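Asks: Fold the following, please.
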Amino acid sequence: MITAKDFSSAGQPPTRSAPAARPAAPAPIEPMPATDDRAEIARLREALQRSEEYNRALLDTGSDLIFELRKDGLILSLHAPKDNEFALTPEAVVGHRVMDLLTTHIGQLVMHYLEKAFRTGVTQTFSCQYLLPGKLRYFETHLALRGGGTALAVVRDVTDHETLEKEVVESSNRVQTRIGQDIHDGLGQHLTGITFLCRALEKNLASKSLPEAAEAAEISKLVIEALSQTRNLARGLFPVEVESSRLCQSLRELATTAEQLFQISCSVECDSNLSVDNRNASTHLFRLAQEAINNAVKHGKAHRVSLLLGTAGDKAVLRITDDGVGFPPEGARRTGLGLRIMTYRAQKVGGTLDIQPGQHGGTVVSCTFNPHSDEN
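Replies: Below you'll find the predicted structure:
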């Protein structure tokens, strides 16, 4: 039996309940730094501030001039001590090139070592002299790469140190000269006397037909050889013949002496058209070559040494090449007195000293200088 209720619902679709609403997504929350992170940031800021204050105080208490240079010699910044005696200010030099501010020789010297620092990546050190009001001053410069295509040049006044070093070199010259004169005038004359006595003894024994005459002749021969070596040694210690016009001849005699003393092969090649205008410069170059040969034999264990004196563009070059075991690489300790004296001598002839390994081993010592320079 169908009721009215059933009839009223017949043909109607079944009813469905509405779906429940989804809850809204929570808004993102920015992470808050942990307490430890905030403390670490504060600590780093404080350490950075202390470091900056320390560096500022260190610069203010120093007496050095600090330049920031570009590879082309443009000065980007300057730090100079307050009330410095050179009256240098950043406003006077920043934005200018070193070649515009310095003398031609010193500017070329700076550019030479600046290019070398960028090329090798090794800190360069060189010295120069500059005439300030009332006094000739000596400066030592250290050039080091800073990064970002720039380099730092730390310039220090070393006049007192340079004066002492000059006295050491001149004292060395005086000692060598005195020893050379003593050998020549004392030992040389003594051996000369022995030579005459040996010859007289030989003739006396020969006149009596005694067999000891041959032994006397051999003794005389040995004494003559000793006399020759003594004279060569004296000539090396006391090169009175080093005139500006006879440098090549002096180098050849030095090579002959080296061959006899050290039992090595030593050759010399000179440009006949090259002339060094100054006698002091000739003496410095002679001594530099002498020191280089001694180093080649003593430290390099060389058997062959060659000397070249010639031109390189508008400059002159004295080059000493050996076949020894080589020189300590650049960047290693090169603090020997002999090397410092060679560097000093190169600077005294208005030049630069360069020491490099040879293409086939050994060492090449080059002094490039201006043969007409009046630096010395």
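Asks: tell me, how many neighbours does G147 end up with?
Replies: If you count neighbours by other Cβ atoms under 10 Å, G147 ends up with 7. Bear in mind the C-beta positions are built from the backbone N, C-alpha and C, glycine included.
Asks: separation between it and L76?
Replies: Taking Cβ to Cβ, to the nearest Å as the measure, G147 falls 13 Å from L76.
Asks: Please apply the same query to E291.
Replies: 39 Å.
Asks: and if you look at I66?
Replies: Between I66 and L76 the computed distance is 11 Å (Cβ to Cβ).
Asks: go on, A39?
Replies: Using Cβ to Cβ, A39 is found at 38 Å from L76.
Asks: can you check R174 too?
Replies: Taking Cβ to Cβ, one finds R174 at 46 Å from L76.
Asks: okay, these two: which has more neighbours?
Replies: Neighbour count, other Cβ under 10 Å: between R174 and L76, L76 has more, with 14 against 10.
Asks: Now do the SS call for the more buried one.
Replies: Remark: L76 carries the secondary structure label strand [criterion: DSSP: H, G, I helix; E, B strand; the rest coil].
Asks: Can you give me the neighbour number for T343?
Replies: Neighbours around T343, by other Cβ under 10 Å: 20.
Asks: Confirm that it lies within a helix, as I assumed.
Replies: Yes: judged by three-state DSSP, T343 forms part of a helix.
Asks: so T321 sits right up against Q359, yeah?
Replies: No: judged on Cβ atoms under 8 Å, T321 makes no contact with Q359 at a distance of 9.6 Å.
Asks: So which of these two has more stuff around it?
Replies: Neighbour count, other Cβ under 10 Å: between T321 and Q359, T321 has more, with 22 against 8.
Asks: What helices and strands are in contact with the strand or helix carrying Q176?
Replies: Q176 is part of helix 159-182, with elements assigned from DSSP states H and E. The helices and strands touching helix 159-182, judged by 3 or more Cβ pairs under 8 Å, 6 or more residues apart in numbering; DSSP states H and E, are strand 135-147, helix 212-237, helix 337-348.
Asks: So for the longest one, what gets flagged as buried?
Replies: So the one you mean is helix 212-237. For helix 212-237, the neighbour count (16 or more other Cβ atoms under 10 Å) marks 213, 216-217, 219-220, 223-224, 227, 230-237 as buried.
Asks: now do the first one
Replies: Across strand 135-147, burial judged by 16+ other Cβ under 10 Å covers R137, Y138, F139, E140, T141, H142, L143, L145.
Asks: residue ranges with poor pLDDT in the stretch 1-150 of the chain?
Replies: By pLDDT under 70, the low-scoring segments of the stretch 1-150 of the chain are 1-35, 54-62, 83-86, 133-134.
Asks: which residues of it fall in helices?
Replies: 4-9, 35-61, 90-93, 98-101, 104-120 (DSSP state H, counting those that start in this stretch).
Asks: Can you add distance to T368 and mean neighbour count and give the ones you listed back as a markdown table?
Replies: Below are those laid out as a markdown table (distance: least, Cβ to Cβ, whole Å; neighbours: other Cβ atoms under 10 Å):
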| stretch | distance to T368 | mean neighbour count |
| --- | --- | --- |
| helix 4-9 | 117 | 9 |
| helix 35-61 | 35 | 10 |
| helix 90-93 | 28 | 13 |
| helix 98-101 | 18 | 16 |
| helix 104-120 | 9 | 17 |
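Asks: Now distance to V325 too, for those, in CSV please.
Replies: Listed next are those as CSV, based on distance: least, Cβ to Cβ, whole Å:
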stretch, distance to V325
helix 4-9, 116
helix 35-61, 42
helix 90-93, 45
helix 98-101, 38
helix 104-120, 22
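Asks: wait, which of the ones you listed is closest to K348?
Replies: Each of the helices of the stretch 1-150 of the chain was scored for nearness to K348 using Cβ to Cβ, and the closest is helix 104-120 (12.5 Å).
Asks: In contact with the most centrally placed residue in the chain, which residues?
Replies: With distances taken as Cα atoms, centre = their mean, T125 lies nearest the centre of the chain, 5.8 Å away. For T125, the contact set (Cβ atoms under 8 Å, 6 or more residues apart in numbering) comprises E140, T141, H142, L143.
Asks: Which residues does the third one form beta bridges with?
Replies: Using DSSP bridges, the beta-bridge partners of H142 come out as T125, V154.
Asks: thinking it is in contact with A151, fair?
Replies: No: counting by Cβ under 8 Å, H142 stays clear of A151, with 10.1 Å between them.
Asks: can you tell me the helix or strand for the closest residue to L227 other than its chain neighbours?
Replies: The shortest distance from L227 to any non-neighbouring residue, by Cβ to Cβ, 6 or more residues apart in numbering, is to L191 (4.3 Å). Assigned by DSSP H and E, L191 belongs to helix 188-207.
Asks: Then N273?
Replies: Counting by DSSP H and E, N273 is part of no helix or strand.
Asks: count of residues packed around it?
Replies: Close neighbours of N273, defined as other Cβ under 10 Å, add up to 7.
Asks: cool, K315 as well?
Replies: Using other Cβ under 10 Å, K315 is surrounded by 15 other residues.
Asks: can you tell me how far it sits from N295?
Replies: K315 is 23 Å from N295, where distance means Cβ to Cβ.
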